[in-house]
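Colleague: Okay, structure incoming, though there's no sequence with it:
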């Protein structure tokens, strides 16, 4: 029975579906989490290590994973993902399958384990944990041989069985030469099979998923159109991945539910460099990125690299805390007093304001009634309009409009026209237009399916 279960699970997770798994639905709700690039590069001032660095180079003087968690929570982030092993091959845990690990370093006399400390801190602080494990290894002597894929699975097994539940597991497609001058032929099919057995609820990131996809750039943004579906046939990770425009938009009728994740660093580089202390993104810059990632229906993974002490730098910490304050201030109070579906006053819309993504309102069948009219608490300038599509059965809205009632001209005017909604849209509204009535109009849906709207909010 156990083998039958895993065959079914693998088929469900990897053979494609046009709606999310329960784990993917939970992943959508996570919205924002931090990336932690940390390792020998932190101490050598490099971005891509050579794999020849001495283990003693890794020696944080005051590693504090609880501080990382505090900073994450101040920004409203719900999880942390760390580079357990980057391309240089150095393992932040004492792996039994490498001699290039924290065990060989001076840090804590070789008795330390960064992943253990982070896992425990995440549990104490109520945050989710994710791990990045580079397939490329510039240090391991078996890289470039048939044995390396077995070794990679063994190291992956250590991560997936020793540190608790993971919400995401991160693969990139980097594939360069190892210390023997050879490149590896990765057996990602086996990697996926083993991963789903050990962590069935971990959403796996890569260019082609299977859990979530790269958004095609490292600026942390995605376009107006963002479908959660993606066709992966004929594509692979790294070289040979889908083109950038496809990664940005997804596929209108793609076979696999592989939603977009936007990645960006708070600094110009991904690892900590003292010379970049004056170049940390401001709270307003982070907010702008948030609007164009989370606000466009994607998740945002924001890289915040710990410094050589093993703490997040005070500048980064301050900017993230202020961003968190701004985000809370700008999305705190929902101004919607009541709503009417398609002009049908007898149809209540309370489920749209219950902050429960599992409840929804289905649009009427009649074409002329495909709108929700909102009465706001008072007349004024409204800054942001938020709408979420119920994704339990898939994503369908392909065009929509936000309208405002002009109290002077006594007519409805268009404030914004968009394409997809998906897990969420956060839409800036015109700066000077005052109203106490707004409309969400669904203009078209994929396959003509009646749209299901889960949440609506208006913020002033």
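Modeller: Thanks, I have the structure now. Only a predicted model underlies this, so the values are computations on that prediction, with no experimental measurement involved.

Colleague: can you give me the helices in the stretch 51-200 of the chain?
Modeller: Taking DSSP state H, counting those that start in this stretch as the criterion, the stretch 51-200 of the chain contains helices spanning 65-74, 114-125, 148-162, 188-198.

Colleague: Present those helices as CSV; the columns should include mean pLDDT.
Modeller: Formatted as CSV, the helices of the stretch 51-200 of the chain follow (pLDDT from 0 to 100):
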stretch, mean pLDDT
helix 65-74, 98
helix 114-125, 98
helix 148-162, 98
helix 188-198, 96
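
Colleague: looking at those, which is closest to residue 95?
Modeller: helix 148-162 (5.5 Å; CB to CB). The way it works is simple: take the backbone N, C-alpha and C, and place the C-beta from them, glycine included.

Colleague: can you tell which of the helices of the stretch 51-200 of the chain is closest to residue 208?
Modeller: Using CB to CB as the measure, helix 188-198 is the one of these that comes nearest residue 208, at 9.3 Å.

Colleague: what about this protein, any weak spots by pLDDT?
Modeller: 1-16, 346-348 (pLDDT under 70).

Colleague: which residues does residue 406 contact?
Modeller: Neighbour list for residue 406: 412, 413, 433, 435 [criterion: CB atoms under 8 Å, 6 or more residues apart in numbering].

Colleague: rewinding a little: just send the helices of the stretch 51-200 of the chain back as TSV, with distance to residue 287 and mean neighbour count too.
Modeller: Shown next, in TSV, are the helices of the stretch 51-200 of the chain (distance: least, CB to CB, whole Å; neighbours: other CB atoms under 10 Å):
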stretch	distance to residue 287	mean neighbour count
helix 65-74	14	20
helix 114-125	24	19
helix 148-162	33	18
helix 188-198	34	17
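
Colleague: Tell me which of those sits nearest to residue 50.
Modeller: Once the helices of the stretch 51-200 of the chain are compared by CB to CB, helix 148-162 is nearest, at 18.1 Å.

Colleague: That closest one packs against which elements?
Modeller: The helices and strands touching helix 148-162, judged by 3 or more CB pairs under 8 Å, 6 or more residues apart in numbering; DSSP states H and E, are helix 114-125, strand 128-133, helix 188-198.

Colleague: try it again with 10 Å
Modeller: In terms of contacts (3 or more CB pairs under 10 Å, 6 or more residues apart in numbering; DSSP states H and E), helix 148-162 is packed against strand 79-85, helix 114-125, strand 128-133, strand 168-170, helix 188-198.

Colleague: Save those as TSV, and put in distance to residue 329 too.
Modeller: Formatted as TSV, those follow (distance: least, CB to CB, whole Å):
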stretch	distance to residue 329
strand 79-85	23
helix 114-125	23
strand 128-133	25
strand 168-170	28
helix 188-198	40
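
Colleague: Which one of these lies nearest to residue 20?
Modeller: Closest to residue 20 of the helices and strands packed on helix 148-162 is strand 168-170 (CB to CB; 14.0 Å).
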